[in-house]
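Undergrad: okay, sequence plus prediction incoming.
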There are 2 protein chains.
Amino acid sequence: MLKKLLLFTLAGAAIFTTGILIGHFGIDQKNSTPFPEWVQEIRQDVDENLIENFLAQVDTGQLQENLQVLTRVPHMATTAGDEGTVDFMLKRWQDRDSGLDAAWREDYRVYLSFPDKDKPNNVTVVRGSEVVDYIREKEKVYEPDQSHPDVVQPYAAFGPAGHVQGKLVYANQGKVSDYEQLNRTLGDLNGTIAIVRYGGAGRADKGINAAPFGVVGVLVYTDPYDINDGKLSDVNETYPYSWYLPPSGVERGSYKNNFGDQLTPYLAAKNDTYRIDEKDITGLSPIPIQPIGFEDAMKFICELDGLEAPESWQGSFPCKYNYGGPGFKNTSRLKDCDVKLDVYNKAGLRDSANVMGVIWGSVEPGKWRPRRTLIFGSWGAEEFGLIGSTEYAEEYISKLSQRTVAYINVDISVFGNALLHKSSRASASPVAQDVIFTAAKQVKIPGSDTMSVYSNWMRHSNRTSPTHGVIPSVGYLTGAGSDYAAFMHYLGISSMDISYTYDRSKTRARIYPAYHTAYDTFSYVSKFIDPGFTSHQAVARTAGNVLLRLADSVLLPFKCGDYAETLEQYLGVALENFEADLKDNSVSMEPLKEAVKSFRAACTSLEQSISSSDFINNSPLKARKINDQLMLLDRAFLNPLAFPEKYGYRHVVWTSRSSGVPTFPGLADAASRAKTSGLKQDWAEAYKHLSIITQAISGAAHTLAEAHAGL
Amino acid sequence: MLKKLLLFTLAGAAIFTTGILIGHFGIDQKNSTPFPEWVQEIRQDVDENLIENFLAQVDTGQLQENLQVLTRVPHMATTAGDEGTVDFMLKRWQDRDSGLDAAWREDYRVYLSFPDKDKPNNVTVVRGSEVVDYIREKEKVYEPDQSHPDVVQPYAAFGPAGHVQGKLVYANQGKVSDYEQLNRTLGDLNGTIAIVRYGGAGRADKGINAAPFGVVGVLVYTDPYDINDGKLSDVNETYPYSWYLPPSGVERGSYKNNFGDQLTPYLAAKNDTYRIDEKDITGLSPIPIQPIGFEDAMKFICELDGLEAPESWQGSFPCKYNYGGPGFKNTSRLKDCDVKLDVYNKAGLRDSANVMGVIWGSVEPGKWRPRRTLIFGSWGAEEFGLIGSTEYAEEYISKLSQRTVAYINVDISVFGNALLHKSSRASASPVAQDVIFTAAKQVKIPGSDTMSVYSNWMRHSNRTSPTHGVIPSVGYLTGAGSDYAAFMHYLGISSMDISYTYDRSKTRARIYPAYHTAYDTFSYVSKFIDPGFTSHQAVARTAGNVLLRLADSVLLPFKCGDYAETLEQYLGVALENFEADLKDNSVSMEPLKEAVKSFRAACTSLEQSISSSDFINNSPLKARKINDQLMLLDRAFLNPLAFPEKYGYRHVVWTSRSSGVPTFPGLADAASRAKTSGLKQDWAEAYKHLSIITQAISGAAHTLAEAHAGL
């Protein structure tokens, strides 16, 4: 919890700097052309010199300094430290020297969960009333800032308070299939406490999946296999000697499935907003749950009785992972013991603030202004489930839906590790792939005068595109991993998430190891993630470059062709996996093929019209018409009724997916379920989702087509 | 059923003529200005000469001829007659001489309900196996076209087939409160057949409301009190001597609550679209239901036993209306008899077509073109519940949502009666009030060279506006009465419904009496509704004038101030009715007051900016920006999750309302319910709807504001 906040401000640091820099151009530039103002203004396309100038001015020293100031004290959402960073950001953005036209706060009253400072959560091992063992209450301190009194005790935010005890069992990653297998093996899980490792299932799901089997509490830990490449010892292997997680490190986090404030679904959480009852919140663990370090987890797991768990359940501890008797071995000092959880978390309403800034689009002469208005946001309470950004999206839904060209997200700017070759990483709506590439080609990687971010990225992660040949891999924004969620999934605003990351072929670490622990500090970043802050610089340059191009281009640099390619790829996967089975159930996929074809045709025709037009010397309404088509393309895929069970997900292409088949999510989930169950009603559901996606794609094609609806 | 279709084509006739005329201007005009094409084009505002020219050319002879051709044979949706009118419209619109650029069909496969030609529905009065009485199977023929074999037998479309019998009871209008009162009085309605009159409740609701009380079948008739000002006799009072309904006339209709095709909710009903099971359709009568003429109804009602029904239940029959014993009086020849319904309706899939036409917006030089593209629609299957228009809206939802400026609906152009002073009638989004007034001021009423449609309208129906003083009353589109429903309620496109109607202070007729009966023919229109077709002409002129202004104005003639006035009026009603009670339940209405204030402030500031700007001689992007704000204003009120129980309703201001309190529908319904029940959960629901409407109005205000989101 605490720690991703630190990295959230890391994001802040990169974008913060970008914002200030871009603002500066507004102060210096002069207009000296002889044209009438409005004609000159509308003909002004992207100024490449301005971009080069911007790139040159992104300064690592400034980045480093900003991060240092912003991370001086822990600043968990709504605490005094958080209020301090809000004030700091606000003052800096309000400073006229920043070049921003204005800055302000957006305040929300949101439902958050904290541990009780006076009654720390406990995990003990008990035999009757005797306490045989217990876990650490806090992480081991290696450097002074880890001992700050505001470093929050490890806890599962939004996990319920409660006092439960029972025999321990090991349930792998806490997926439904894990609990099913464990239940089959043991016959009965009633009254047990499960210990599970991070990964494979969402945090809250580890508790949600457990409860139906009668499990009464859950412990969650990070297995060194998944984060440390097996390293266990802080004497010479882990932090403070490397970026690996030390044995006492605990990943905190938000244990909730729905993004945004949970008491005000689909409404902005203002003071006076209607709130649902706490008991009506969905997507939370119904049973107490607590994260612990792997040092404590090892003590428990290596003593478990019962059959040996399968190979895929084994981790890096120097013992065999057993299922549990339930409970411990007869030969263990923990023999006959229960594990007892005492969780004192308290949830309630707190005030959280976003900081917002603006640079107005061109409405007055005399100096450079972006063609389109830029809004900068530093989101509150991201770690509690993307709350600040979601409430903002809910409050300004109409205006944002009608006018927003794009949303650029920078959360964890740099995942490190400095020693593992790093490269750019981006996930985005396909419509934005091209502008990200353009920007990445123009930025050099740290320490090189010749290698571009683009080339380096392609070297590390690439794919073969039918249209473009080998290109860097751009991910899809299919989940709610960061603050783009409300923009991409709820509002259908073309979004992108840009960062720098380590080479995943060189490590099994599923994220940088100090993530969400007490070790996730400025010093960790400076030492292990990005010494010299050159990767931060590369991210700021790339994201800023994308921003300037989106802001200033006469014609938006969005490409429907890349969207068409994605739809074609998804179609191919869907056909391969589901066409035969659907046919057996009398459902044809021809209409979907036709829809994808019509999308490609409309796009090709639009692209031809674009390439044969002179937009600079023609009525600006011509470019405006096409810009509207491109800007609203992602909006055309919204269907607010397609996924009633998934909070805030409306985009029929990018909604989160449970099925492993990488294609249209509604179809993938429904058809996968139907293939497993064979039930007629499940095939009907698959048919329904086939119609939904087919008509959404046809509808999107209509918006690209020159002709009017229906012709 | 049959008959409103006739009048649907009446609508067709007015708009048909308008379309053709407007098309003609495209053929004649020349451009001879010296300006560069695009500058000249974007500066061209509404041409008042062109409008005058259009008005002069709307010809009553042509209107009459069109209607005559289109109504030559019955043309119920999907029958041969309907296919004939589709072909005719298509050929005429495709004719280059029409001035339209193109015309085409939009085909859907929709779920419709018809009686069985071989087994006509029966209502009989039986004593054991003896048939004591029965109703007419068809309406009495006065003129040859009423005997055409395709005149459909009276039936309740979408009412289930079934065979039921029981004692008769009289249930007034079939509202919930009517059945409750009847049930309280009789103690038990199980196994009864109810007879109810039209009005007060929706057609399907008359059956839906009855079923929970154990009623097994329903007869529906039109009481002469409600339609005929009490006239009963066709010897000298009703048709063929006047416009009144003759005794055997039966109002048919669609007995379904949800608009659009019922097997493809929220999806266009293409051949291959996923369809729900028939059993999952909601909003239909679960029990057999049959409309009958008042001649038959009188025979039954005047023989009913039991207590005398209250005054408000009495109609125009020359007898006291009793509740029913249940059943008939002991002194009656129908004594001890049951009423028996045999309904053979069959529902199934049929092919229905819209006819569409287009005049392209200005993209090429050389002749007049509208600035904005015009699309003309002649909707299929309107009488079965707005099916053609709804499926079209569902199919092209993305494109229509993104680009449509307005929707103008003309259904029943003229309600008559020629002898009762007629005047214009319009219901519209408040944003369109001003342009309707502008058009109405420019059109003269039939038979006068001086009196405008506007002045005549104000004389017959007016209100005092805080802003404008006394003005004609414009209704609100709060229901799904015609094909505007999908555009206004589902897509949030500013809509208007324009017609000419009789003076309601001069008659109790709730609609023109031949509505949906076999007497609703060309000859009836020519004789009683609009001899000389001058009212049709006035409607065509007014609607066409509105259309040209919307199409050609540089700045859209939409006024947010009239929307603000409506919101202020609704706010006043809401405060008066609910503020005290909400306060007693700890809910403040201050946020709603603030929201309405912020809407007014944003609008005033926008209006000032408009009046101080020169849009003709400035960048067209300035006008475009404001046009987008005005065009999308109604869209800002959409909330697809606000009314989960109301199909297709998303507009939080105009959604249908059950409560009698004329204010924001979600709040009105929830707060009225809470006031009645006093239940805490009902007050919570009222609070929820208060937050929904408050945030929708704030959100709409943000879209009008010059400043960006949040400042």
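TA: Right, received. Where do you want to start? Numbers count the residues shown, from 1 in each chain, chains lettered A, B, ... in the order given.

Undergrad: next, the buried residues of whichever strand or helix holds A:E41.
TA: Using DSSP states H and E, A:E41 sits in helix A:37-43. Under the neighbour-count criterion of 16 or more other Cβ atoms under 10 Å in any protein chain shown, helix A:37-43 has A:W38, A:E41, A:I42 buried. All C-beta atoms are positioned from the backbone trio N, CA, C, and that covers glycine.

Undergrad: dump the residue contacts of the residue positioned nearest the centre of chain A.
TA: Geometric centre of chain A, nearest residue: A:G481, 2.1 Å, by Cα atoms, centre = their mean. By Cβ atoms under 8 Å, 6 or more residues apart in numbering or on different chains, A:G481 lies in contact with A:D411, A:D497.

Undergrad: phi and psi next, for it.
TA: Here is the backbone geometry of A:G481 (degrees, to the nearest 10): phi -80, psi -20.

Undergrad: show me where the stretch 601-711 of chain A has helices.
TA: Using DSSP state H, counting those that start in this stretch, the helices of the stretch 601-711 of chain A run over A:620-631, A:665-677, A:680-704.

Undergrad: looking at the ones you listed, which is buried most?
TA: helix A:680-704 (a mean of 23; mean count of other Cβ atoms under 10 Å in any protein chain shown).

Undergrad: what's the angle from it to helix A:665-677?
TA: 160 degrees (axes from the mean of the first three to the mean of the last three Cα atoms, to 10 degrees).

Undergrad: what about A:N330, how many neighbours?
TA: The number of residues packed near A:N330 is 9, by other Cβ atoms under 10 Å in any protein chain shown.

Undergrad: part of a helix, is it?
TA: No - using DSSP: H, G, I helix; E, B strand; the rest coil, the secondary structure at A:N330 is coil, not a helix.

Undergrad: give the contact list for it.
TA: Residues near A:N330 by Cβ under 8 Å, 6+ apart: A:D305.

Undergrad: can you check A:G447 too?
TA: A:T534.

Undergrad: does it count as helix, strand or coil?
TA: Per three-state DSSP, A:G447 ends up coil.

Undergrad: confidence score at it?
TA: If you check A:G447, the pLDDT there is 89.

Undergrad: distance of it relative to A:P531?
TA: 11 Å (Cβ to Cβ, to the nearest Å).

Undergrad: need the overlap of contacts for those two.
TA: By Cβ under 8 Å, 6+ apart, no residue touches both A:G447 and A:P531.

Undergrad: what comes up buried for the helix or strand containing A:V86?
TA: Element membership of A:V86, judged by DSSP H and E, is helix A:80-94. By neighbour count with 16+ other Cβ under 10 Å, helix A:80-94 contains the buried residues A:G81, A:D82, A:T85, A:V86, A:F88, A:M89, A:L90, A:R92, A:W93.

Undergrad: I figured the first one hits A:P74, correct?
TA: Yes - the pair A:G81 and A:P74 passes the contact test of Cβ atoms under 8 Å, sitting 5.1 Å apart.

Undergrad: who touches both of these two?
TA: Taking Cβ under 8 Å, 6+ apart as the criterion, A:G81 and A:P74 both touch A:D150.

Undergrad: quick check: buried residues in stretch A:419-427?
TA: A:L420, A:K422, A:S423, A:S424, A:R425, A:A426, A:S427.

Undergrad: distance between stretch A:494-508 and the chain's centre?
TA: Chain-centre distance of stretch A:494-508: 12 Å, with Cα atoms, centre = their mean, to the nearest Å.

Undergrad: state the mean pLDDT of it.
TA: Rounded mean pLDDT across stretch A:494-508 is 94.

Undergrad: so chain A: which segments form each domain?
TA: A:2-113+A:350-552, A:116-344, A:560-704 (automatic domain parsing).

Undergrad: poorly predicted segments of the stretch 301-450 of chain A, please.
TA: When residues are selected by pLDDT under 70, those of the stretch 301-450 of chain A lie in A:363-365.

Undergrad: helices along that one, start to end?
TA: According to DSSP H, counting those that start in this stretch, the helices that the stretch 301-450 of chain A contains are A:387-395, A:397-403, A:433-441.

Undergrad: and the second one, anywhere near chain B?
TA: Yes - residues of helix A:397-403 contacting chain B under Cβ under 8 Å from any Cβ of the partner chain: A:I397, A:S398, A:K399, A:L400, A:Q402, A:R403.

Undergrad: surely the second one meets B:L633?
TA: No - A:S398 lies out of contact with B:L633 (Cβ under 8 Å); the separation is 9.2 Å.

Undergrad: common neighbours of those two, please.
TA: B:A700, B:T703.

Undergrad: now do the same contact list for the closest residue to A:S598 other than its chain neighbours.
TA: Leaving aside its chain neighbours, A:S598 sits nearest to A:A701 (4.3 Å; criterion: Cβ to Cβ, 6 or more residues apart in numbering or on different chains). By Cβ under 8 Å, 6+ apart, the contact list for A:A701 reads A:A595, A:S598, A:F599, A:A601, A:A602, A:C603.

Undergrad: repeat that for 10 Å
TA: By Cβ atoms under 10 Å, 6 or more residues apart in numbering or on different chains, A:A701 lies in contact with A:560, A:564, A:567, A:594-603, A:636, B:398-399.

Undergrad: out of these, which is nearest to A:F300?
TA: When the contacts of A:A701 are compared for distance to A:F300 (Cβ to Cβ), A:L567 wins out at 48.3 Å.

Undergrad: three-state assignment of the residue lying closest to A:D338 once chain neighbours are set aside?
TA: Excluding its sequence neighbours, the residue lying closest to A:D338 (Cβ to Cβ, 6+ apart) is A:Q165, at 4.4 Å. Classification of A:Q165 using three-state DSSP returns strand.

Undergrad: surely A:P640 meets B:S401?
TA: No - in this structure A:P640 lies outside contact range of B:S401 using Cβ atoms under 10 Å: 12.0 Å.

Undergrad: these two - which one has more neighbours?
TA: Set side by side, A:P640 and B:S401 show unequal neighbour counts under other Cβ under 10 Å, the larger going to B:S401 at 23 against 17.

Undergrad: lovely, talk soon.
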